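Asks: what shape does this take:
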Amino acid sequence: MPSAPDPPSATTPQVLRRWRRRLADERAEGAIYRQLAQRRTGDEREILLGLAEAEARHAEHWESLLGADAGPPRRPRPGMRLLAWLAGRYGSVFVLALVQRAETRSPYDTDLDATRAMAADEKVHEEVVRALAARGRARVSGTFRAAVFGANDGLVSNLALVLGVTGGGVSTSVILLTGLSGLLAGALSMAAGEYVSVRSQRELLTAAEPDPRAYQAVPDLDIDANELALVYRARGMPADEAERLADDQVRRRSSSPAHRPAPDEGPDVVGTAMKAATSSFGFFAVGAAIPVLPYLFGLTEVPAMVVALVLVSLALLLTGSIVGVLSGGPPLRRGLRQLAIGLGAAAVTYLLGLLFGAAVG
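Replies: All right, here's what the predicted structure looks like:
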């Protein structure tokens with residue numbers, strides 16, 4: 001347990017409230033890590049439980065300062081309660097990303113009642129959670145990328161399409177038909193593009209993998225002169241290191257033919273082509289449906305356009321914020337960036353529609 005600093009000479013009610021808040025937050029963080037650990041196995045589970053133990057040590061520090069003034073357990077801050085609720089029900093990479101952001105906001109660097117060891121712990125915790133979140137991002141990167149890009153493209157492209165024909169002065173029925181056609185055409189195009197892209201990427205990766213039959217020839221290589229080192233050098237290894245590794249492989253294979261180096265199987269960062277295509281199709285369709293909704297419900301002209309803009313703006317803020325959380329960036333800034341890009345594209349097509357409508361008229 002970290003050594004506690006000497007308590008202030010005058011322990012004011014404000015100081016006690018701050019200590020109780022710190023204690024409640026540490027208990028909540030420990031509970032979050034334990035809940036996340038329940039949904040993990042292997043080393044990830046052990047890592048999360050280790051983080052929970054560290055938070056318990058921090059809680060003991062505040063308990064020792066409070067002593068008899070600790071009082072009944074206090075509820076943590078609303079943000080911590082939300083994280084605990086999400087961790088208990090989902091335990092996904094999204095929750096880990098939120099926990100990572102929470103760890104970056106540790107107050108212990110400026111809190112004189114916290115020990116230096118506790119402040120150092122929190123910095124290390126941030127990096128541990130960052131690494132765990134990176135594992136999760138790698139596992140879902142292919143499908144997640146298709147989902148986010150699909151939803152964002154559906155929102156922006158169909159809003160731009162709908163506003164473009166609206167600016168041209170066509171009837172509501174034509175706008176609705178155009179929006180639905182754009183939804184279907186765009187979703188099919190996105191799905192086909194993702195399928196071809198992911199399938200091609202996987203084929204390129206497969207073509208770059210070593211042929212397992214080459215290992216069968218290793219025992220027959222000349223121990224003093226062989227070309228195995230050239231394989232390692234061709235893959236970017238320095239010459240001296242390649243020679244040492246090749247000699248080691250040949251000698252071990254000669255003495256123990258059953259030995260074979262285990263392939264380096266990292267996380268699948270590409271995903272499957274069908275999953276990516278399905279995800280892209282579904283999320284594009286959902287995004288593209290939003291600017292069409294006002295017209296489906298009978299709104300016309302300016303009211304329909306305003307409602308479409310409001311709905312798409314909220315959706316762009318949401319998708320941008322989700323990307324920000326998962327990438328470790330500021331959610332609000334990412335959301336505003338998505339909003340600016342989407343509304344900028346829509347404004348350009350609307351102005352072009354006005355000019356085209358005026359020219360035709």
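Asks: check which helices and strands the one helix or strand A24 maps to sits against.
Replies: Using DSSP states H and E, the element containing A24 is helix 13-38. Helices and strands touching helix 13-38, by 3 or more Cβ pairs under 8 Å, 6 or more residues apart in numbering; DSSP states H and E, are helix 42-66, helix 78-89, helix 93-104. Using the backbone N, CA and C atoms, a C-beta is placed for each residue, glycine as well.
Asks: and those helices as TSV, adding mean neighbour count, distance to V312 and mean pLDDT?
Replies: Supplementary listing: these in TSV, determined by neighbours: other Cβ atoms under 10 Å; distance: least, Cβ to Cβ, whole Å; pLDDT from 0 to 100:
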stretch	mean neighbour count	distance to V312	mean pLDDT
helix 42-66	17	38	90
helix 78-89	16	26	76
helix 93-104	21	23	75
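Asks: tell me which of those helices lies nearest to P238.
Replies: helix 42-66 (30.5 Å; Cβ to Cβ).
Asks: distance from the chain centre to the closest one, please.
Replies: Centroid separation for helix 42-66 versus its chain: 25 Å, with Cα atoms, centre = their mean, to the nearest Å.
Asks: how about stretch 117-135?
Replies: 16 Å.
Asks: again with stretch 63-75
Replies: 37 Å.
Asks: now do stretch 30-45
Replies: Centroid separation for stretch 30-45 versus its chain: 18 Å, with Cα atoms, centre = their mean.
Asks: quick check: buried residues in it?
Replies: 30-37, 39-40, 44 (16 or more other Cβ atoms under 10 Å).
Asks: picking up where we left off before, now do the helix holding A24 against helix 42-66, angle only.
Replies: Here the directions of helix 13-38 and helix 42-66 differ by 160 degrees (axes from the mean of the first three to the mean of the last three Cα atoms, to 10 degrees).
Asks: check contacts around A151.
Replies: Residues in contact with A151 (Cβ atoms under 8 Å, 6 or more residues apart in numbering) are 283-284, 286-287, 315, 319.
Asks: circling back: the helix holding A24 vs helix 93-104, what angle?
Replies: Going by the same axes, to 10 degrees, helix 13-38 makes 150 degrees with helix 93-104.
Asks: tell me what angle helix 13-38 forms with helix 78-89.
Replies: For helix 13-38 against helix 78-89, the angle by the same axes, to 10 degrees is 20 degrees.
Asks: how near is T272 to V286?
Replies: Remark: distance between T272 and V286 (Cβ to Cβ, to the nearest Å) = 21 Å.
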